[in-house]
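*Asks:* Sequence plus predicted model, see below.
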Amino acid sequence: MADATRAFQENDVVLPNGLKIHYYEWPGPRPNLVLLHPSSGYGRMWEATAGALGSRFHVYALDQRGHGSSGRPDGDYSAEEYADDLHLFFRQIGIDRAIVAGQSLGGRVGQVFAAVYPGQIEGLGLVGGPHTSNFFPTTQEVIKVLGASHRMLESQTEFPSRDAALAYLRTARPRDQEASLRHRLEHNFVAAGAGVAVRYDKVRVALGLAHMADDLRKYAARATCPVAILRGTHTSELTLDQAKEIAGCWKNAVVIDVEGDYALQMENPTGLAQALSSFAAQAVRE
């Protein structure tokens, strides 16, 4: 993970629906770039990407509902609900239009947002690519989705020490680099008694994961902004052929390969920043 040296601000805002959103902001020139983390993620996981962008973009990264220091209200935790939160965040902060990029959960939110609030989005970046289960929810795909949701529900959330938490992360996230794991430990855990606990609500996260079987093709058909599927070159999540097939669900989508696996914002923030910059230059012109 590259060093992040770009100065940022950290703030809270209460949305009209009563939800408190904690967010990070890297001031810079337009266009605005809003970054959305995956399930069990956190806004600050994008800081190396923001740093790699240099002075480009005015960047925002949210702790979405159920995550980080944001609120954890009752709800269905669907992409639709998250997209409504994002719409209210734009209004509350004063963002008129932005490029939105997200990984996994963040990508699902962006897909709905692009369809429902087309006037607020200039382009959509799907970091790591979309979930095949949201476009081809076969029985086998649904079984995988429900399995992931169940594993989250049963996952350990409290640890007697930081070392114990790091050991757990190494086992639970074998694809992540050591620097990424340590960043997660530093910013996605909080002191709990003599030990530490995760900084997300695993029940809400599990509920959100179950929505990976929702069919999002109807939203792709409605979206009019440019879309970039930012696919990791080494990923097992999405083959190039699958990415190209799913890209056809949008009116204006391209597949861009970025060196890495899946969590590109942690693995290769420089490569992701370059891909986002190139895509944004094209999207804003259109």
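*Replies:* Nice, I can see it.
*Asks:* Please enumerate the strands of the stretch 151-286 of the chain.
*Replies:* 158-159, 189-192, 195-198, 227-232, 253-258 (DSSP state E, counting those that start in this stretch).
*Asks:* Do I have it right that V145 meets L207?
*Replies:* No. Look at V145 against L207 with CB atoms under 8 Å: they stay out of range, at 12.0 Å. Glycine gets a C-beta too; all of them are placed from N, C-alpha and C.
*Asks:* Name the SS class of G125, please.
*Replies:* The three-state label given to G125 by DSSP: H, G, I helix; E, B strand; the rest coil is strand.
*Asks:* Pull the contacting residues for it.
*Replies:* I99, V100, A101, G102, G110, V227, A228, L230, A275, L276, F279 (CB atoms under 8 Å, 6 or more residues apart in numbering).
*Asks:* repeat for L230
*Replies:* L230 neighbours (CB under 8 Å, 6+ apart): 101, 125-129, 256, 258, 264, 272, 275-276, 279.
*Asks:* Go through the contacts of G125 and flag which are in helices.
*Replies:* G110, A275, L276, F279 (DSSP state H).
*Asks:* center of the chain, which residue is that?
*Replies:* H37 (2.6 Å; CA atoms, centre = their mean).
*Asks:* how near is it to Y24?
*Replies:* 11 Å (CB to CB, to the nearest Å).
*Asks:* And V100, by the same measure?
*Replies:* 15 Å.
*Asks:* So these two - more neighbours on which side?
*Replies:* Ranked by neighbour count (other CB atoms under 10 Å), V100 and Y24 place V100 first, with 30 against 22.
*Asks:* Quick check, the more buried one in contact with L124.
*Replies:* Yes. V100 lies in contact with L124 (CB under 8 Å); the separation is 5.6 Å.
*Asks:* one step back: got the ones in helices among the contacts of G125 as TSV, with pLDDT and distance to D163 columns?
*Replies:* Below are the ones in helices among the contacts of G125 laid out as TSV (pLDDT from 0 to 100; distance: CB to CB, whole Å):
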residue	pLDDT	distance to D163
G110	99	36
A275	98	36
L276	98	35
F279	97	40
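*Asks:* and stretch 240-257, average pLDDT?
*Replies:* Per-region confidence: stretch 240-257 scores 97 on mean pLDDT.
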